[in-house]
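**Student:** Below are the sequence and a predicted model; questions follow.
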Amino acid sequence: MNEQKNWKRQAALFLISQNLSIFGSSVVGFSIIWYITLKTSSGIWITAATIATLLPQVIVSLWAGVVADRYDRKWIIMISDSFTAVATLAAFLAFQAGKESVAFLIVVSFLRSMGGGFQAPAVNALYPQIIPESHLVRINGINQTANNILLLISPAVGGLILGTMGIKWTFLVDVTTAAAAVMIMSRMKMEEKKAADREKSTVMQELKGGISYTWRHPFLRVLMICYAVTFILITPASFLSPLMVSRTFGEEVWRLTANEMFWTAGSIAGGIMIAWKGDFNNKITAIAVSLSGFGITFALMGFTGQFWLYLMLDCICGIFLPFLITAQTVVIQKHTDMDYMGRVFSLLQFVSQGVMPVAILGFGPLGDMVKIQTIIIVCGILLAAWGVWFKFAAEKAVNKG
């Protein structure tokens, strides 16, 4: 009984701290993108901001996985959160001094992304360390629900503060939530699980070992290939949709806010479904259906010329997100050796986010030459077909393995 109460307490502290961190980061993240969108209305500047958000995580992700497997994951998370908060505080002080600059915001985004790059693999690797395997799906579902409730609130908070007080005050929200997250996380008491013979290996040997382990695993190899293509096809809808909304429907801040809120409302609904169900038998099918669902709704969003219909499709599309994330996360958590957990998640982050800066280099300028709707429609159709491919390829890999 005491053991059961202990893991539940640890899980609660962990979920609260990370969702606080996500809330503050989301408020700032949305505000920065909207600020740049409204100030410049330029695909080039949006491209620069997107690359600044993604590239640092790609650069540090592989090393972050080794760090997550080598050192205390709780401390890695707290230090990463603190680093991000310091970068955000610097942005507040600069804007408070009247030194407002889009270029400076891109530098801040770069630094914040570095902190997130070290934090993400450690967070994902910590779940199976504190939560029994039989509860992973439900806890991940609860986390997705809580995460998306805060993500629903954060665009509204970001939009309200940006529209009434200015972007600099959104920075203080992130600093405050990061400080609270670190304090809550520090109350977690847990035994760090060390890999065997850790002292005998170098960082480079561990990095190579993680890559070799992942590539030799049939299912993980298919998953990495799938995500490389998937995130290329998702890039236009993920990063150019604010620009599409402002160009097609209007430049009001409330439209950008609604775009994010309806997506997040759908994600909340999906997370509640997962938490209520507790588990789903075929996680490969869940991933495949989610990918195809994304593709179909993306394509329909590109076709519509009515903002209310766009928002409805945006909401439906959001439902698929928690199913995709939960299924993918739990499959990795259940089938990966604990000693390689951080490196496998960092490789997934490297692959998924590594292709996005490359993709946005093409899609961003292209969005200034052709209608963004056309790009999203084509990528949506290809993504729907890609989900079908994954279903067959993944099942074949599992049977082979």
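**Tutor:** Done, it's in.

**Student:** If you count contacts, what does the helix or strand G362 falls within end up packed against?
**Tutor:** Under the criterion of DSSP states H and E, G362 resides in helix 341-367. In terms of contacts (3 or more CB pairs under 8 Å, 6 or more residues apart in numbering; DSSP states H and E), helix 341-367 is packed against helix 43-70, helix 102-130, helix 203-216, helix 218-239, helix 307-335, helix 372-400. Just so you know, the C-beta spots here come from the backbone N, C-alpha and C atoms, and that holds for glycine as well.

**Student:** which helices and strands does the third one pack with?
**Tutor:** Packing partners of helix 203-216 (3+ CB pairs under 8 Å, 6+ apart): helix 43-70, helix 218-239, helix 341-367.

**Student:** Tell me which of those helices sits nearest to A393.
**Tutor:** Closest approach to A393 among the helices and strands packed on helix 203-216 (CB to CB): helix 218-239, 5.1 Å.

**Student:** buried set for the closest one?
**Tutor:** Across helix 218-239, burial judged by 16 or more other CB atoms under 10 Å covers 218-220, 222-224, 226-227, 229-237, 239.

**Student:** picking that back up, for L20, find the nearest of the helices and strands packed on helix 341-367.
**Tutor:** helix 102-130 (12.9 Å).

**Student:** quick one: the following helix or strand past that closest one to helix 102-130, angle?
**Tutor:** Downstream of helix 102-130, the first helix or strand assigned by DSSP H and E is helix 136-164. Put simply, helix 136-164 runs at 160 degrees to helix 102-130, going by axes from the mean of the first three to the mean of the last three CA atoms, to 10 degrees.

**Student:** Please enumerate residues in contact with the helix or strand following helix 136-164?
**Tutor:** Downstream of helix 136-164, the next assigned helix or strand under DSSP H and E is helix 168-185. Contacts of helix 168-185 with the rest of the structure, by CB atoms under 8 Å, 6 or more residues apart in numbering, involve 13-14, 16-18, 20-21, 23-25, 27-28, 31, 74, 77-78, 81-82, 84-85, 88-89, 91-92, 95-96, 157-158, 161-162.

**Student:** returning to what we had before: tabulate the helices and strands packed on helix 341-367 (TSV), appending distance to T264 and mean pLDDT.
**Tutor:** TSV is the format used below for the helices and strands packed on helix 341-367 (distance: least, CB to CB, whole Å; pLDDT from 0 to 100):
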stretch	distance to T264	mean pLDDT
helix 43-70	18	79
helix 102-130	19	86
helix 203-216	31	82
helix 218-239	14	87
helix 307-335	6	86
helix 372-400	19	89
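
**Student:** Redo those helices as JSON lines? Include distance to L152.
**Tutor:** JSON lines is the format used below for these (distance: least, CB to CB, whole Å):
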{"stretch": "helix 43-70", "distance to L152": "21"}
{"stretch": "helix 102-130", "distance to L152": "20"}
{"stretch": "helix 203-216", "distance to L152": "34"}
{"stretch": "helix 218-239", "distance to L152": "17"}
{"stretch": "helix 307-335", "distance to L152": "10"}
{"stretch": "helix 372-400", "distance to L152": "23"}
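
**Student:** Against P155, how distant is I375?
**Tutor:** 23 Å (CB to CB, to the nearest Å).

**Student:** More neighbours: which of these two?
**Tutor:** P155 (26 against 20; other CB atoms under 10 Å).

**Student:** Isn't the more buried one up against E260?
**Tutor:** Yes. Between P155 and E260 a contact is recorded at 3.7 Å, counting by CB atoms under 8 Å.

**Student:** Overlap in contacts, those two.
**Tutor:** Joint contacts of P155 and E260 (CB under 8 Å, 6+ apart) are F30.

**Student:** burial count for A97?
**Tutor:** 9.

**Student:** Also L300?
**Tutor:** Look at L300: counted by other CB under 10 Å, it has 18 neighbours.

**Student:** Now do the same contact list for it.
**Tutor:** When contacts are counted by CB under 8 Å, 6+ apart, L300 touches L313, G380.

**Student:** Could you tell me the per-residue confidence at it?
**Tutor:** Note on L300: pLDDT of 93.

**Student:** Can you give me the distance of it to P322?
**Tutor:** From L300 to P322 the distance is 20 Å (CB to CB).

**Student:** longest helix of this structure?
**Tutor:** When the chain is parsed with DSSP state H, its longest helix is helix 2-40.

**Student:** Can you give the distance of that helix from its chain's centre?
**Tutor:** 11 Å (CA atoms, centre = their mean, to the nearest Å).

**Student:** So what angle separates the directions of that helix and helix 218-239?
**Tutor:** Helix 2-40 and helix 218-239 meet at an angle of 40 degrees, taking the same axes, to 10 degrees as the criterion.

**Student:** Helix 2-40 packs against which elements?
**Tutor:** Contacts defined by 3+ CB pairs under 8 Å, 6+ apart place helix 2-40 against helix 43-70, helix 73-96, helix 102-130, helix 136-164, helix 168-185, helix 241-248, helix 253-277.

**Student:** So what's the gap between the helix holding G362 and the chain middle?
**Tutor:** How far helix 341-367 lies from its chain's middle: 11 Å, per CA atoms, centre = their mean.

**Student:** Check which residues of it are buried.
**Tutor:** Applying 16+ other CB under 10 Å to helix 341-367 flags 341-360, 363-364, 366-367 as buried.

**Student:** what sits against the nearest residue to Q10 once chain neighbours are set aside?
**Tutor:** Spatially, and ignoring its direct neighbours in sequence, Q10 is nearest to I130 (4.6 Å; CB to CB, 6 or more residues apart in numbering). Neighbouring residues of I130 by CB under 8 Å, 6+ apart: W7, Q10, A11, F14, M188, M190.
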